[in-house]
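Engineer: fold the following.
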Amino acid sequence: MIDLIKLFAALGVGYLLGSISTAVLVGKMYGKDIREHGSKSAGLTNTLRVLGKPAALLVLVGDILKGIVACLVGLYLGVYAGSGVTVDSVSMLLAGAGAIVGHNWPVFFGFRGGKGVLTAAAVLFMLDPIIALSCLGSFVVIVAATRFVSLGSICAALLFVVLSFIPVFGHTIYFQIFAIVIAFMVVAKHRANIGRLLSGTENKLRFKSGKHSS
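Structural biologist: Down below sits the predicted model:
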């Protein structure tokens, strides 16, 4: 019963942390609601396009931190479960999942958030740095080759699922379920991007240094 309470606490705290939408808060500092400009997503890429590099850096730090703090809370709660000979921190998985859900659908900002990629990456680094580096590598290669951040994000999420099932990484079925759920959320939040990719109208990554690019 105590473990069940801890799991609900991990999910709840993670969700509340994730609901602190860094992009929305930074946008307000610049006098804009980031969700009404560009792609209308409260995330790093849209902040970079609309507000420029300094604002994007703040979002980068904030979105990473909330994923890390959520995982530390889950780790502190210390609920573990195993399947076969492997063991994972289920409280950490739930706290991380909560942070990603909160980022995507923040309770503090009308449930209109981002796409969860950066916070998910921070969570994954906390859970398994080797898998995280592999996914990051695929993301960097794809974005460098195509300039499509959305395509890199989707491919990295799908790679995460594949790697979670490889025995050498030593994860439980709970980790694999987590991977499937997170990948599904990432792909679902990129539905419009997938449509634009297929139609050839998706925006490519452009770097802007100005604070108030339109």
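Engineer: please count neighbours and contacts with C-alpha atoms only from this point.
Structural biologist: OK.
Engineer: burial of residue 31, as a residue count?
Structural biologist: Neighbours of residue 31 under the rule other Cα atoms under 10 Å: 10.
Engineer: actually, residue 140.
Structural biologist: Residue 140 has 16 neighbours, counted by other Cα under 10 Å.
Engineer: any idea how far residue 175 is from it?
Structural biologist: Look at residue 140 and residue 175: by Cα to Cα, to the nearest Å, they are 24 Å apart.
Engineer: list the contacts of the closest residue to residue 47 other than its chain neighbours.
Structural biologist: If the residues on either side of it in the chain are set aside, residue 47 comes closest to residue 56, at 5.4 Å by Cα to Cα, 6 or more residues apart in numbering. By Cα atoms under 8 Å, 6 or more residues apart in numbering, the contact list for residue 56 reads 44-45, 47-48.
Engineer: separation between residue 56 and residue 126?
Structural biologist: From residue 56 to residue 126 the distance is 22 Å (Cα to Cα).
Engineer: over to residue 154?
Structural biologist: 20 Å.
Engineer: repeat that for residue 26.
Structural biologist: 25 Å.
Engineer: ok, now which ones touch the nearest residue to residue 114 once chain neighbours are set aside?
Structural biologist: Spatial nearest neighbour of residue 114, excluding adjacent residues (Cα to Cα, 6+ apart): residue 42 at 4.3 Å. Shown in contact with residue 42 (Cα under 8 Å, 6+ apart): 21-24, 34-35, 112-115.
Engineer: again, only using 7 Å
Structural biologist: 23-24, 34-35, 113-114 (Cα atoms under 7 Å, 6 or more residues apart in numbering).
Engineer: and residue 7, by the same measure?
Structural biologist: With Cα under 7 Å, 6+ apart, residue 7 has these contacts: 91, 94.
Engineer: what about it, which helix or strand?
Structural biologist: Element membership for residue 7, per DSSP states H and E: helix 2-18.
Engineer: following that helix, which helix or strand comes up?
Structural biologist: Along the chain past helix 2-18, the next helix or strand (assigned with DSSP H and E) turns out to be helix 22-29.
Engineer: and that next one, what's its mean pLDDT?
Structural biologist: Averaged across helix 22-29, the pLDDT comes to 94.
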